[in-house]
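Enquirer: Need a 3D model of the following:
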Amino acid sequence: MTLLPAEPPQAIGTARVLGLLGVSVLLAVGQMLFKMASSRLITDHGLTALLSSLVNLPMLGGLVLYAITTLLWVYLLHALPLSRAYPFMALAFAIVPLLSWLFFREGLDLRYGVGLALMLCGLYLVAVR
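Expert: Take a look at the predicted model:
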């Protein structure tokens, strides 16, 4: 299997990089809202109670935020190759645990920090150039 030769990558541009960063941050904030919504679930009183407990402000906020983020993502993809834009999604994998640590007091360790640093280096190599 031979890979096709690629054209040299074009610079993404500051505005688009900020947009891609914004998508990752908005996805992470949406995850925080979903975590908050999950703490309000009623799981031991049947399906009706479970479904009605899903209708809460954090859940609705997370869904609206994800809808807005999806529109921003599609707008950015209009002008960017998916292969250059998608690696920025990895930032959400870094931001979510950091926010979880900050807001929910979830634990992080040195191994996480080293992995995060390596991931950011990889993102720079494949997406920013």
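Enquirer: Please make it C-alpha for all contacts and neighbour counts, starting now.
Expert: Fine.
Enquirer: outside of the helix or strand hosting Q31, which residues touch it?
Expert: Assessed by DSSP states H and E, Q31 sits inside helix 14-38. Contact partners of helix 14-38, identified using C-alpha atoms under 8 Å, 6 or more residues apart in numbering, comprise 54, 56-59, 61-63, 65-66, 69, 72-73, 76, 85, 88-92, 95-96, 99-100.
Enquirer: mean confidence score for it?
Expert: Averaged over helix 14-38, pLDDT sits at 94.
Enquirer: With stretch 89-104 instead?
Expert: For stretch 89-104, mean pLDDT rounds to 91.
Enquirer: May I have it exported as PDB, CA atoms only?
Expert: As requested, C-alpha coordinates have been extracted for stretch 89-104 and formatted as PDB (Å, rounded to 0.1, in the frame of the first residue of the first chain):
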ATOM      1  CA  MET A  89      -9.800  17.300  19.100                       C
ATOM      2  CA  ALA A  90      -7.000  15.700  21.200                       C
ATOM      3  CA  LEU A  91      -7.000  18.900  23.200                       C
ATOM      4  CA  ALA A  92     -10.400  18.000  24.600                       C
ATOM      5  CA  PHE A  93      -8.700  14.800  26.000                       C
ATOM      6  CA  ALA A  94      -6.300  17.100  27.900                       C
ATOM      7  CA  ILE A  95      -8.700  19.800  28.900                       C
ATOM      8  CA  VAL A  96     -11.500  17.600  30.300                       C
ATOM      9  CA  PRO A  97      -9.300  15.900  33.000                       C
ATOM     10  CA  LEU A  98      -7.900  19.300  34.000                       C
ATOM     11  CA  LEU A  99     -11.300  20.700  34.400                       C
ATOM     12  CA  SER A 100     -12.400  17.600  36.200                       C
ATOM     13  CA  TRP A 101      -9.500  18.000  38.600                       C
ATOM     14  CA  LEU A 102     -10.400  21.700  39.100                       C
ATOM     15  CA  PHE A 103     -14.200  21.500  39.500                       C
ATOM     16  CA  PHE A 104     -14.800  17.900  40.700                       C
END
